[in-house]
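Undergrad: Generate coordinates for the sequence data below:
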Amino acid sequence: MKLSKIASVVGARLEGEDAEISGVAGIEEAAPGQLTFVANPKYAAAARTTRASAVIVDEKFPAIATATLRCANPYLGFAQALELFYHPPRYGVGVHSTAVIDPSAKIGKQASIGPYVVIQEDVVIGDHCVLLPHVVIYRGVRIGNRFFAHAHAVVREFCRVGNNVILQNGAVVGGDGFGFAKDNQGRWRKIVQSGPAVIEDDVEIQVNACVDRASIGETRVRRGAKIDNLAQVGHGCEVGENSMLCAQVGLAGSTVLGKDVILAGQVGVAGHCTVGDGVIVTAQSGVPNDVEPGKMVSGFPAIDNKQWLRSVAVFNRLPELARAVRAATAEKASATAEKE
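TA: Here you go, the predicted model:
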C-alpha cells in the first residue's frame with residue numbers, strides 16, 4: 001500500500017518518497033517496507049536511525065531523511081494505519097451444537113455463538129453479538145447490540161450491558177462484591193450482593209478484570225470507560241465516562257470516579273472516595289482521600305505530583321543530609337565544650 005493512501009486514511013501530510021508499505025512495526029524493530037511512529041519524545045533520536053521506510057510524527061517534529069507522515073496525533077494515526085494491515089478473525093453466524101441456550105432467552109439477528117456457551121433463562125441479547133467458547137451469561141441479563149465476549153467471559157445474574165461492549169478473556173461482570181459482617185460469635189456472615197453491575201455503551205473490560213455487583217443499588221461503568229487486565233472495581237463503585245483504569249488498579253467499595261480519570265498501573269483507591277473529573281493518578285499510588293478535579297497526584301498517601309517529585313528528590317538525599325546534620329551537631333558540641 002502506498003504511503004499516500006495511508007496518509008489519506010489517517011489524515012496526515014506526506015513528506016518525502018511515496019514508498020510502498022507492507023506492514024507496521026515499533027520504531028526499533030521496523031524494517032524496510034514498514035511504517036512506524038514517534039509519539040513519545042524519548043524515541044525521537046530513534047527516528048533518525050530507524051530502518052523503517054516511513055515514520056508517523058507530529059506537526060512540529062524536526063525533518064528527517066526518512067519519509068514522514070505528519071499529523072496532530074501520531075499515536076492515533078498509527079492505530080488507524082495498523083487497522084489497514086491487520087484484520088482480526090471473523091466469526092460465522094450461527095449457534096454451535098454444544099451451546100446451551102434456555103428457550104426463554106432472546107438473541108438478536110446475526111449472532112455468532114461458539115462451543116459450550118451457556119445462556120440462562122430470561123436473557124436478552126441484541127443484534128450482531130459474538131460469544132466465543134465457554135462464555136456464560138446468567139439469568140435475567142440484558143445486553144445491547146454488537147456485544148463481543150471472548151472465551152471464558154462471564155456476565156452474572158440481572159446485570160445490564162450496553163452497546164458495543166467488549167469483554168476480554170476471563171472478564172467477570174457482576175461477581176459478588178466483597179461484603180461480610182461479623183456475627184455474635186465472631187464469624188464472618190456473607191452480605192447478599194443484590195444490586196447489578198451496569199456496563200454502559202462502548203466499554204471494554206480486559207483480561208481477568210472484575211466489576212463486582214453491589215450489595216444494594218448498583219455498580220456502574222459509564223460510557224467509553226476502559227478497564228485493563230487484572231483490575232478490580234469494587235461493589236457500589238462508579239467509573240466515569242471515558243475513564244481509564246490501567247493494569248492491577250483496585251477500587252474499594254463505593255468509590256466514585258469522575259469522567260476522563262486515568263489511574264495508572266497498580267493504583268489503589270480507598271472505599272467511599274470521590275476522584276474528580278480529569279484526575280491523573282500515577283503508577284503505584286495510593287489514594288486514601290477525595291481528589292479535586294484536574295489534579296495529578298502521586299505516592300502514598302497520594303499528594304500533588306510536583307510536590308511528590310520534590311519530596312522524592314529530598315528523600316534520595318536523606319543520607320547526605322543526615323551526615324551533614326550529625327557533623328554540624330558534633331561541631332556545635334565541640335565548640336560548646338571548648339567554651340566550658
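
Undergrad: Now do stretch 56-76: everything it contacts.
TA: Contact with stretch 56-76 is made by 3, 6-7, 10-19, 35-39, 44, 47-48, 50, 52-55, 77-78, 81, as judged by Cβ atoms under 8 Å, 6 or more residues apart in numbering. All C-beta atoms are positioned from the backbone trio N, CA, C, and that covers glycine.

Undergrad: how about a cut-off of 7 Å?
TA: If you take Cβ atoms under 7 Å, 6 or more residues apart in numbering as the criterion, stretch 56-76 is touched by 3, 6-7, 10-17, 19, 35, 37-39, 47-48, 50, 52-55, 77-78, 81.

Undergrad: how far out from the middle of the chain is it?
TA: Chain-centre distance of stretch 56-76: 26 Å, with Cα atoms, centre = their mean, to the nearest Å.

Undergrad: and what of stretch 230-243?
TA: That offset, for stretch 230-243, works out to 10 Å (Cα atoms, centre = their mean).

Undergrad: again, but for stretch 39-57
TA: Here stretch 39-57 shows a centroid-to-chain-centroid distance of 26 Å under the convention Cα atoms, centre = their mean.

Undergrad: before we move on, what about stretch 184-193?
TA: On Cα atoms, centre = their mean, the centre of stretch 184-193 falls 33 Å from the chain's centre.

Undergrad: Please identify the buried residues of that stretch?
TA: Residues Q193 are the ones in stretch 184-193 that count as buried (16 or more other Cβ atoms under 10 Å).

Undergrad: okay, how far is it across it, tip to tip?
TA: Length of stretch 184-193, first residue to last, Cα to Cα, to the nearest Å: 21 Å.

Undergrad: which outside residues touch it?
TA: Contacts to stretch 184-193, defined as Cβ under 7 Å, 6+ apart, come from residues 176-177, 179-183, 213-215, 235.

Undergrad: Write the ChimeraX selection for whichever of the contacts of stretch 56-76 are buried.
TA: Buried members of these, defined by 16+ other Cβ under 10 Å, are picked up in ChimeraX with:
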select :3,6,7,10,12,14,15,16,19,35,37,38,47,50,52,53,54,55,77,78,81
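
Undergrad: quick one: which of the contacts of stretch 56-76 sit in strands?
TA: Using DSSP state E, 13-15, 35, 37, 54-55 are the members of these that sit in strands.

Undergrad: would you list these in TSV and tack on distance to Q248 and pLDDT?
TA: Below are the ones in strands among the contacts of stretch 56-76 laid out as TSV (distance: Cβ to Cβ, whole Å; pLDDT from 0 to 100):
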residue	distance to Q248	pLDDT
R13	40	95
L14	41	95
E15	41	94
L35	32	96
F37	27	94
A54	36	95
V55	33	96
